[in-house]
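Participant: Structure for the following, please:
(3 chains)
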Amino acid sequence: MDLLLQTIINGIVLGSVYAMVALGLTLIFGILEIPNFAHGALYMIGAYVAFFCISAMGASYWFALVISIGALFVMGMIIERFIYRPFYNQPHISSFIVAVGLIFILENGALVLWGADFRRITPPSNAIFNILGITVTSQRLLVIGFAALLIIAIHFFIKKTRLGAAIEATSQNRDGAQLMGINTGLVGQATFGLGTALAGVAAVLVAPILLISPVMGESVIAMAFVIIILGGMGSFIGAVIGGYIIGLMETMISTFVTSYYTEALIFGVLVVILAVKPTGLFGKEH
Amino acid sequence: MKDALLEGRNISKYFGGLQAIDDVSFAIRKGEIFSVIGPNGAGKTTLFNLITAFLPPTSGEILLKGKIISGLKPYEVARMSVARTFQLTTLFEKNTVLENLMIGQTATREMGIWQSLFGGRNKRSMETKTLERAHQLAEFLGLSVEEETQAGLLPQRAQKQLSIGLAYAANPELLLLDEPAGGVNNEEVGILIDLITRIRDAGVTICLIEHKMSVVMNISDRILALNFGKKLAEGTPAEVCRNEEVIKSYLGDEYAAAC
Amino acid sequence: MTVKKENKKRLIYGFLILLAVSAPLFITGDYPRHIMVMCGIWVISSMGLNLILGYVGQLNLAHGTFFGIGAYATALLIQGLGFSFWVALPVGCLITAILGFLTGLPTLRTKGHYFPITTMCLGISIYYVVARWDALTGGASGLFGLPRPTPIPLPFGREVAFESTVSCYYLVLFFVFLTLLVIARFTRSLVGKRLAAIRSNENLAQAVGINTMRDKVIFLSISTLIAGLAGGLYAAYMGSLMAEQAHFLGSFEMLLNVMIGGVGTLAGPIIGGILLPILTETLHFLGNLRLVVYGILLILIMGFLPQGIAGGLRLATQYYEQRRAAK
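Facilitator: Now for the predicted structure:
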């Protein structure tokens, strides 16, 4: 029973990470019209930026988090403007290939700067809580809580603010939004920055629990794709709910069935669902 | 209808809550030029998409020579001798005119993969025949001079001609043309009408979507008028343009007077 | 094309073939010759990716994984079941082709973004399976001790053995020519035009009667077969295998070869498959910085010379011919 509860908590932690990453990816998908392949690599960079702040500059965890958010927001904006935008008029496959180039640059850049060894970030607090008879570290609670707050905040941002409305309009119909006077270039950049920063937050939050390495983004991005495909590309709700579901599935399968072939199993589910319903579960054709 | 080449029986198409086609029945006779008219959004292109299986009907059936074809895949319908053009001129833009006309013949003459690897004389003969027919088609279309030009670089009128030729390449029995005169000026319309009538004279049944009423009234044998997905009238040009509902919703009094 | 131009082309091709066949004569030393063999293997794999990417227009990001599957399949057939290389290689290719076929069926049905994404996910999860299935693949430490291909008997009691690097070079070169021939046959025929149609506009291709799904799946299977061929040759030549060979990084590297060499051309993957491994060797001192440079190079090529080096050469010859004609 204890094991089950522990697994569920871990599942929600992982699900929080996935939900944030998938949400960021969905926001970007609305602008880019394809999912940003390099999203996982940027997630990884977010963790390393924080690591750099803490280890080289002696900054506190929270300061490092803020820096990481800012850095990733700016990176996202630059990448949209100078790397992806020149290819908007070309077939989508060009953007995919460009993304591969970006992954090359980011992953190997991290490898060159920090090496292949795993790195650690110490959590801001080592407190331990006792919930329902099992021990939970404060960092885990932090991840769950922060993620939930952030997701709700973004929901309100999109639905209730003018910039949020502009983002929604631009992602649904770029030309139409432009005709309405929205500066789609700037909005697109800002959205990209926002989505990328979300990934950064997820990475920094989870870094004290899992370890940092240049390839940490790879399995995350694969899962994020599974999530948004299953949840329907472009669906906010699909990304969030899908994130938590996949996170729970992954930890449950790892703990109780097999830790060897978890990814393959989840991926198999994806393929089966796609074969039956090619637009995903909450499918929204873009 | 007995000698119908293509028949639609009680076809309806819903997109979610939106009804694009509502209980439309019609029949196209062999050898005629059959036009579909109606305001924008009336469902004309949707009807074409249903006939050529790019969309499945929500209910109703489409029959080709008495056999049900609704529910097939688009390439299967194409292989049953039904060809089409698209509203936005659609060509294989990076290929030359000649190559487009060769690709267009796939429905009747397709090279197998094994054959392309190991075929000897048969392979060569198929390629020669395909190339020859492509030359003939280019001449028929009046595009012999531009044979080696990339399709995407042709002027608008030539692109329209090529898209018709692309559909005609496989010798279809039924040819569906979606606004073949769209975006073409009045002088060049004559060239396209000439092409269409020459194709009809070669024995092809033609179904046409067109907004230019002069073209429609001029060459059509029969007309189907749609509005809001519903059928308003079906009959000869004279019958249709005297139909009150058609006049009210689409033609306007000036055209009625011109009938 | 004029007769003079045709003859000029034939002369150039003949010269290049002669160069390839006689290369071991003037490239001496074990290490350079080893690079030549590896280049040959990468050229074959790149040609496979170019077939599905450049001609059919689909980005298979699991291409490197199929390379690994071919490598492991051939290796296991030799080591585990005692097959000779000459049986294991075709069977390994067949296995890879079948897996490619099974991959294509669900993933090629949808248009647009799903194929690159699902193949990338597939590549990642198969890599993890290979890396962890210790019993079958030796897990992270991999397989080793694979013998070279058994000698081919010749009349009069002689034989062709494959112990030396040079003999392996000729084995690989044979398959390079074979693959090139097969791909050229496909792409220069009406089938090639059909593929161009599918790549250009799938809806229109359907409208003219092309069964796009069938062609896409078949050519995906052929391209994975070629990847498996390269993998099998790799396994037999190197004698050992690690899970890294199935990592999707391999897909990225092949993508680099194809794009920089010239996607959608016959020469492109050959140029890329030779140039980039050599570049990697000469820039060895840069370490992982090389790969950062490659990433930048890829983006620059996409932006400024999307037809790659082969395309660039074609533009250059066109330019010079126009200038000559103008005189």
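Participant: what about the one residue sitting closest to the centre of chain B, which helix or strand?
Facilitator: Chain B has B:Leu176 as the residue nearest its centroid, 1.5 Å off, counting by Cα atoms, centre = their mean. Here B:Leu176, judged by DSSP states H and E, is contained in strand B:174-178.
Participant: how about that strand, does it reach chain C?
Facilitator: No - using Cβ under 8 Å from any Cβ of the partner chain, we find that strand B:174-178 stays clear of chain C, coming within 9.6 Å at best. Quick note: C-beta positions are derived from backbone N, CA and C, even for glycine.
Participant: same for that strand, what does it pack against?
Facilitator: helix B:44-51, strand B:82-84, helix B:156-168, strand B:205-209 (3 or more Cβ pairs under 8 Å, 6 or more residues apart in numbering or on different chains; DSSP states H and E).
Participant: right, so of these, which gets closest to chain C?
Facilitator: Proximity to chain C, assessed across the helices and strands packed on strand B:174-178 by Cβ to the nearest Cβ, is greatest for strand B:82-84 (5.6 Å).
Participant: Can you pull out the residues in contact with that closest one?
Facilitator: B:6, B:48, B:51-52, B:64, B:69, B:107, B:167-168, B:170, B:172-178, C:207-208 (Cβ atoms under 8 Å, 6 or more residues apart in numbering or on different chains).
Participant: Ok, stretch A:60-79 next?
Facilitator: Contacts of stretch A:60-79 (Cβ under 8 Å, 6+ apart): A:28, A:38, A:42, A:45-47, A:49-51, A:53-54, A:59, A:102, A:121-124, A:189-190, A:192-197, A:199-201, A:203-205, A:208.
Participant: what pLDDT does A:Pro278 get?
Facilitator: What the model reports for A:Pro278 is a pLDDT of 65.
Participant: so how far is the helix ranked longest in chain A from its chain's centroid?
Facilitator: In chain A, taking DSSP state H as the definition, the longest helix is helix A:2-32. Taking Cα atoms, centre = their mean, to the nearest Å, one finds the center of helix A:2-32 at 8 Å from the center of the full chain.
Participant: what's it packed up against?
Facilitator: Using 3+ Cβ pairs under 8 Å, 6+ apart, helix A:2-32 sits against helix A:39-57, strand A:134-137, helix A:138-160, helix A:162-172, helix A:184-206, helix A:216-231, helix A:236-252.
Participant: Now do the buried residues in it.
Facilitator: A:7-32 (16 or more other Cβ atoms under 10 Å in any protein chain shown).
Participant: Where does the prediction get shaky in the stretch 151-259 of chain B?
Facilitator: B:251-259 (pLDDT under 70).
Participant: how about the strands of it, start to end?
Facilitator: B:174-178, B:205-209, B:222-227, B:230-235 (DSSP state E, counting those that start in this stretch).
Participant: Can I get the first one in CSV? Just the C-alpha atoms.
Facilitator: Taking C-alpha atoms only, strand B:174-178 is exported to CSV below (Å, rounded to 0.1, in the frame of the first residue of the first chain):
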residue,chain,number,x,y,z
LEU,B,174,-16.1,11.5,-66.3
LEU,B,175,-14.1,14.7,-65.8
LEU,B,176,-14.9,17.0,-63.0
LEU,B,177,-13.7,20.6,-63.4
ASP,B,178,-13.7,22.9,-60.5
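Participant: That strand pairs with which strands, parallel or anti?
Facilitator: When pairing is defined by DSSP bridges, strand B:174-178 lines up against strand B:82-84 (parallel), strand B:205-209 (parallel).
Participant: Off-centre distance for that strand?
Facilitator: Distance, centroid of strand B:174-178 to centroid of chain: 1 Å (Cα atoms, centre = their mean).
Participant: residues in contact with that strand?
Facilitator: B:5-6, B:28, B:44-45, B:48, B:51-52, B:64, B:81-87, B:164, B:167-168, B:196, B:199, B:204-210.
Participant: one more time with 6 Å
Facilitator: If you take Cβ atoms under 6 Å, 6 or more residues apart in numbering or on different chains as the criterion, strand B:174-178 is touched by B:5-6, B:45, B:48, B:82-87, B:167, B:204-209.
Participant: And the helices in chain B?
Facilitator: Using DSSP H, helices in chain B cover B:44-51, B:74-79, B:97-103, B:113-118, B:121-141, B:156-168, B:186-201, B:213-219, B:237-242, B:244-246, B:252-258.
Participant: ranking the ones you listed by burial, who's on top?
Facilitator: Of the helices of chain B, the one with the most neighbours on average (mean count of other Cβ atoms under 10 Å in any protein chain shown) is helix B:97-103, at a mean of 25.
Participant: For that helix, which outside residues touch it?
Facilitator: So helix B:97-103 is in contact with B:91-92, B:130, B:134, B:137, B:143, B:146-147, B:149, B:151, B:162, B:166, B:169, C:193, C:197, going by Cβ under 6 Å, 6+ apart.
Participant: quick one: which of the residues you listed is nearest B:Ser35?
Facilitator: B:Leu166 (21.0 Å; Cβ to Cβ).
Participant: List the contacts of the closest residue to that closest one other than its chain neighbours.
Facilitator: Distances taken as Cβ to Cβ, 6 or more residues apart in numbering or on different chains place B:Gly104 nearest to B:Leu166, at 4.3 Å, with adjacent residues excluded. Neighbouring residues of B:Gly104 by Cβ under 6 Å, 6+ apart: B:Leu166, B:Ala169, B:Ala170, C:Val208.
Participant: any idea which element residue 99 lies in?
Facilitator: If you meant another chain, say so; for now it's chain A. Short version, using DSSP H and E: A:Ala99 is in helix A:92-114.
Participant: other chain: chain C
Facilitator: Residue-wise, C:Leu99 maps onto helix C:85-107 under DSSP H and E.
Participant: okay, the angle between the next helix or strand after that helix and helix A:216-231?
Facilitator: Next along the chain after helix C:85-107, taking DSSP H and E as the criterion, comes helix C:114-132. Computed by axes from the mean of the first three to the mean of the last three Cα atoms, to 10 degrees, the angle separating helix C:114-132 from helix A:216-231 equals 130 degrees.
Participant: ok so, going back, of the contacts of helix B:97-103, just say which sits nearest to chain A.
Facilitator: For the contacts of helix B:97-103, the nearest to chain A is B:Phe92 (14.0 Å; Cβ to the nearest Cβ).
Participant: Give me the below-cutoff pLDDT ranges for the chain.
Facilitator: You didn't pick a chain, so chain A it is. A:275, A:277-286.
Participant: Hmm, no, I was thinking of chain C.
Facilitator: Using pLDDT under 70, the flagged stretches of chain C are C:1, C:110-112, C:139-140, C:327.
Participant: need the contact list for the residue nearest to the spatial centre of it.
Facilitator: With distances taken as Cα atoms, centre = their mean, the residue of chain C nearest its centroid is C:Ser45 (1.6 Å). Contacts here follow Cβ under 6 Å, 6+ apart; on that basis C:Ser45 touches C:Phe67, C:Ala227, C:Ala230, C:Met254.
Participant: quick one: whichever helix or strand the second one is part of to helix C:114-132, angle?
Facilitator: Of the helices and strands defined by DSSP H and E, C:Ala227 is found in helix C:212-238. Our comparison of helix C:212-238 with helix C:114-132, counting by the same axes, to 10 degrees, yields an angle of 30 degrees.
Participant: Between helix C:85-107 and helix C:212-238, find me the angle.
Facilitator: Using the same axes, to 10 degrees, helix C:212-238 lies at 150 degrees relative to helix C:85-107.
Participant: which helices and strands does the very next helix or strand once past helix C:212-238 pack with?
Facilitator: Downstream of helix C:212-238, the first helix or strand assigned by DSSP H and E is helix C:249-261. Counting contacts by 3 or more Cβ pairs under 6 Å, 6 or more residues apart in numbering or on different chains; DSSP states H and E, helix C:249-261 is packed against helix C:30-50, helix C:63-79, helix C:268-282, helix C:289-304, helix C:308-326.
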